[in-house]
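**Student:** Quick one: sequence plus predicted model below, questions after.
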Amino acid sequence: MTHSRELAWLETSVGVLMLSDRAVISISGDDAHEWLQGQITNQCEDATSGDSVYGFVLTLKGRVMADVWALFHDDGIWLAVPESQVAALLERLDRYIIMEDVDLEHRAELRVFVAQGPRSDSLSERDWPADHLGTGGRLWIVSKDEVDPELERVSRLARELDGGWVSDEAWAYAHVVRGRPRFGVDFGDWTYPQETGLTRIAVSFNKGCYVGQETVVMLQNRGKAPKVLWRWTLDAAEAPAPKSPIQHEGQAAGELSSAVSVGDHVEALGFLKRGHETERQGFEIEGITARPLGPVSEGPGVANLPT
């Protein structure tokens, strides 16, 4: 299934959905803002109520533990985080609260909604900027008791704007086609920030210290990461499985992370090892001819995003 109608909504009008793979952690206390500056990779020092900041929480060794949206409001900060990482994040973040006045709480009663597309700013008056695909986007928080009426409300408004409700499958499909990597699928604790292709929007190289920064700076000074996520197209009707090896003239050159069928061909994301960046021919995935389209950082799902 190509999900062409839903992709069109996300690219030209508005598509809406509840992010079932996202949870909310609240950060409160007098030192919350300053403390968060030392925990995520992006600059949030000057953020005020209504602002959002996308970034990574890293392990001590500089690998990506989670990608997060920090949503600043009058009473503190909400972190929209991967549901699968809530427990690990609470443990990791709490470890770095020393004398600061900071409180963390998993807000299990809250749900994350997203509107994506050029008309996304017409759906909610209590939202934050959150562009996932390079077409404009907003994100807002709803209590679980409000989910059903909110689903009805935003679906109706989206239809009035020539958009509609988007399935989880179509959302994943759009990320591959637009070239926007997803945490837990295309990158995670097996990758460094520079390998994700998202450093332009997720990492500040001009901020003070944060956990894992030493490794990030070291890789940046070296100039090249060991591997980098690229966009690919394959001459096939059926998508190969994730983790399929990418070969160049019979030699290991990388690994597929996600792929979708798009009519008579396949589009995919996958890591390309350092040293193969200038090659444009001779690649195969599971015996299928594969053509590199360029790093995800240059694709529409990342290059079109505001910093």
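**Tutor:** In hand now; what should we look at? Residues are numbered from 1 along each chain as shown.

**Student:** C-alpha only now, for contacts and for neighbours.
**Tutor:** Will do.

**Student:** From what I see, residue 127 and residue 138 are in contact.
**Tutor:** Yes - with contacts defined as C-alpha atoms under 8 Å, residue 127 counts as touching residue 138 at a distance of 6.2 Å.

**Student:** So for these two, which sits in the more crowded spot?
**Tutor:** residue 138 (25 against 20; other C-alpha atoms under 10 Å).

**Student:** what about the more buried one, which helix or strand?
**Tutor:** Secondary-structure assignment from DSSP states H and E places residue 138 in strand 137-143.

**Student:** Tell me the helix or strand right after that strand.
**Tutor:** With DSSP H and E setting the assignment, the helix or strand that follows strand 137-143 is helix 147-160.

**Student:** and that following helix, which residues are buried?
**Tutor:** Neighbour-count burial for helix 147-160, with 16 or more other C-alpha atoms under 10 Å as criterion, is recorded at 147, 150, 154, 155, 157, 158.

**Student:** Which residues are in contact with residue 286?
**Tutor:** The neighbours of residue 286, taking C-alpha atoms under 8 Å, 6 or more residues apart in numbering as the test, are 240, 244, 245, 246.

**Student:** I figured the second one hits residue 256, correct?
**Tutor:** So the one you mean is residue 244. Yes - the pair residue 244 and residue 256 qualifies as a contact (C-alpha under 8 Å) at a distance of 5.2 Å.

**Student:** more neighbours, these two?
**Tutor:** It is residue 256, of residue 244 and residue 256, that has more neighbours when counted by other C-alpha under 10 Å, with 23 against 15.

**Student:** Surely the more buried one is in a strand?
**Tutor:** Yes - assessed by DSSP: H, G, I helix; E, B strand; the rest coil, residue 256 belongs to a strand.

**Student:** ok, which stretches of this protein are helices?
**Tutor:** 4-12, 32-37, 86-94, 147-160, 168-178, 193-196, 199-202, 213-222, 300-303 (DSSP state H).

**Student:** To residue 289, which of those helices lies closest?
**Tutor:** helix 168-178 (18.2 Å; C-alpha to C-alpha).

**Student:** any idea of the angle the closest one forms with helix 4-12?
**Tutor:** Helix 168-178 runs at 60 degrees relative to helix 4-12, counting by axes from the mean of the first three to the mean of the last three C-alpha atoms, to 10 degrees.

**Student:** Just list what helix 168-178 packs against, helices and strands only.
**Tutor:** Secondary structure elements in contact with helix 168-178, counted by 3 or more C-alpha pairs under 8 Å, 6 or more residues apart in numbering; DSSP states H and E, are helix 4-12, strand 251-262, strand 265-273, helix 300-303.

**Student:** which secondary structure elements does the last one contact?
**Tutor:** Where contact means 3+ C-alpha pairs under 8 Å, 6+ apart, helix 300-303 is packed against helix 168-178.

**Student:** Equivalent analysis for the third one, please.
**Tutor:** The elements that strand 265-273 packs onto, with contact taken as 3+ C-alpha pairs under 8 Å, 6+ apart, are helix 168-178, strand 227-234, strand 251-262.

**Student:** mind putting these in JSON lines, mean pLDDT included?
**Tutor:** As requested, the helices and strands packed on strand 265-273 are exported to JSON lines (pLDDT from 0 to 100):
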{"stretch": "helix 168-178", "mean pLDDT": "97"}
{"stretch": "strand 227-234", "mean pLDDT": "98"}
{"stretch": "strand 251-262", "mean pLDDT": "97"}
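
**Student:** circling back: would JSON lines of the helices and strands packed on helix 168-178 with distance to residue 235 be doable?
**Tutor:** Output for those, formatted as JSON lines (distance: least, C-alpha to C-alpha, whole Å):
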{"stretch": "helix 4-12", "distance to residue 235": "19"}
{"stretch": "strand 251-262", "distance to residue 235": "10"}
{"stretch": "strand 265-273", "distance to residue 235": "5"}
{"stretch": "helix 300-303", "distance to residue 235": "21"}
